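Colleague: Return atomic coordinates for the entry below.
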Amino acid sequence: MFSIGHAVFEENATIDKNSDVGGAGFAIHAMDGEMLIPLLALVLLVVALVARFEGAVKWAAIILADVAVQIGLAVVPGPAGLMGTLHGLSALVLFTASAYASYVVSRAPAAAPVTAPLPATSTGLAGEGGLGGGAHLR
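Modeller: Residues are numbered from 1 along each chain as shown. Sure thing, here's the model as predicted:
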């Protein structure tokens, strides 16, 4: 972390894909932010659509939109100081939205268990009119 701060503030360097500052941490952060986090946000949206908690889809969509903003701020060129600041603020918004969505779901009332009526078919045992014992052939 010190090497990144030193390069940016002391030497006015720009950190990008070609920099050796940050090492593997920069590459891991970029891969997670461009592949893993968007995939998890999409999975969250699908789960929210299936779960049907009140507000779940809204918060999952907010989280997905903020992930898109995060990626945009990371890949769109611009002044490094401004883009880095906005990227960090967007990360705080993403964290807050995720924490609040988790809180909302944990406070949601438990859904009643879904019980479907049993079909009006027989068990197939002999003597009960099923196919089991030949009672239907009499």
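
Colleague: what about the closest residue to Val105 other than its chain neighbours, how many residues close to it?
Modeller: For Val105, the nearest residue in space outside its immediate sequence neighbours is Phe53; the separation is 5.6 Å by Cβ to Cβ, 6 or more residues apart in numbering. For the C-beta atoms, the positions are set from N, CA and C on the backbone; glycine is no exception. Counted with other Cβ atoms under 10 Å, the burial measure for Phe53 works out to 17 neighbours.

Colleague: Am I right that Phe53 is in contact with Ser102?
Modeller: No. Here Phe53 lies out of contact with Ser102, judged by Cβ atoms under 8 Å, at a distance of 11.3 Å.

Colleague: Need the overlap of contacts for these two.
Modeller: By Cβ atoms under 8 Å, 6 or more residues apart in numbering, Phe53 and Ser102 have no common neighbours.

Colleague: before we move on, the earlier item: for the residue nearest to Val105, which three-state class applies?
Modeller: Assigned with DSSP: H, G, I helix; E, B strand; the rest coil, Phe53 falls in the coil class.

Colleague: I am finished for the moment; much appreciated.
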